[in-house]
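*Asks:* next input, structure requested:
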Amino acid sequence: MTSTRCAWANMANPRYVDYHDHEWGTPCHDENRLFEMLNLEGAQAGLSWETILNKRENYRLAFDGWDAEKIACYDDARVAELLANPGIVRNRLKVAAAITNAKAYLRLREEGSTLDQYLWDWVGGKPIVNRWEKGERPAKTELSDRISKDLAKRGFKFVGSTIIYAYMQAIGMVDDHDVACFRHAG
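*Replies:* Predicted structure coming up:
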């Protein structure tokens, strides 16, 4: 029996199906994964999510398991290594953004917050459950605009409103599964 899934889930790619079925739209409160997904969504800018998903394990290895303290200390030699790594998207601005984001994330923690607290406060601790039919999802919202601006003020990079809305979907702040999808919260 085949479950009805959102139309965007590429059924030919088992990674994509697994991501749709077990991650996308599922509330996440794990600090490491929240930091990882913020950077992966930024890396996706101008590319398909499938490209990033297929490189995800390479990213984890290349970026020390998304350990922000290690990433914040990357020097020019480490950046050169990353830019030579065919397992990730070798874009200088995106690599630099991950380092900048690590530093911004550490500042957030020094201020006494966590990424989990910061993000989930925007939605009162509960996911926004939308009721979209196939193809109705917006690329951004007024809320993603506000979060994007606030993250940018805090020094984060590659956090435009469209990227942040995709991030909100990825970490389950928003349930945007199609109404007909078996994963929709109903």
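*Asks:* mind telling me what element the residue nearest to the spatial centre of the chain is part of?
*Replies:* The centroid of the chain falls nearest to residue 37 when counting by CA atoms, centre = their mean (3.0 Å). Assigned by DSSP states H and E, residue 37 falls within helix 31-43.
*Asks:* residues in contact with that helix?
*Replies:* For helix 31-43, contacts defined as CB atoms under 8 Å, 6 or more residues apart in numbering pick out 28, 52, 56, 59-60, 63, 65-68, 88-89, 91, 94, 97-98, 101-102, 105, 114-116, 119, 156-159, 163-164, 166-167, 170-171. Bear in mind the C-beta positions are built from the backbone N, C-alpha and C, glycine included.
*Asks:* likewise for stretch 164-174?
*Replies:* 23-28, 33-34, 37-38, 41, 44, 49, 119-120, 122-123, 127-128, 130, 138-141, 143-144, 147-148, 151, 176.
*Asks:* mind redoing it with 7 Å?
*Replies:* For stretch 164-174, contacts defined as CB atoms under 7 Å, 6 or more residues apart in numbering pick out 24-28, 34, 37-38, 41, 119, 123, 127-128, 130, 139-141, 144, 147-148, 151, 176.
*Asks:* and stretch 136-148, by the same measure?
*Replies:* If you take CB under 7 Å, 6+ apart as the criterion, stretch 136-148 is touched by 122, 159-162, 164-165, 168, 176.
*Asks:* tell me which residues in that stretch are buried?
*Replies:* For stretch 136-148, a neighbour-count test (16 or more other CB atoms under 10 Å) marks 137, 140-141, 143-144, 147-148 as buried.
*Asks:* adding secondary structure and pLDDT, write those residues out as JSON lines.
*Replies:* Output for the buried residues of stretch 136-148, formatted as JSON lines (DSSP: H, G, I helix; E, B strand; the rest coil; pLDDT from 0 to 100):
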{"residue": "137", "secondary structure": "coil", "pLDDT": "86"}
{"residue": "140", "secondary structure": "coil", "pLDDT": "96"}
{"residue": "141", "secondary structure": "coil", "pLDDT": "97"}
{"residue": "143", "secondary structure": "helix", "pLDDT": "98"}
{"residue": "144", "secondary structure": "helix", "pLDDT": "98"}
{"residue": "147", "secondary structure": "helix", "pLDDT": "98"}
{"residue": "148", "secondary structure": "helix", "pLDDT": "98"}
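*Asks:* between those, which sits nearest residue 77?
*Replies:* Proximity of the buried residues of stretch 136-148 to residue 77 (CB to CB) peaks at residue 148, which lies at 32.1 Å.
*Asks:* how far away is that closest one from residue 156?
*Replies:* Separation of residue 148 from residue 156 (CB to CB, to the nearest Å) stands at 9 Å.
*Asks:* where does pLDDT dip in the chain?
*Replies:* 1-2, 135, 186 (pLDDT under 70).
*Asks:* show the subsequent helix or strand relative to the helix ranked longest in it.
*Replies:* The residue-count maximum for a helix in the chain (DSSP state H) belongs to helix 92-110. On the C-terminal side of helix 92-110, the closest following helix or strand by DSSP H and E is helix 115-121.
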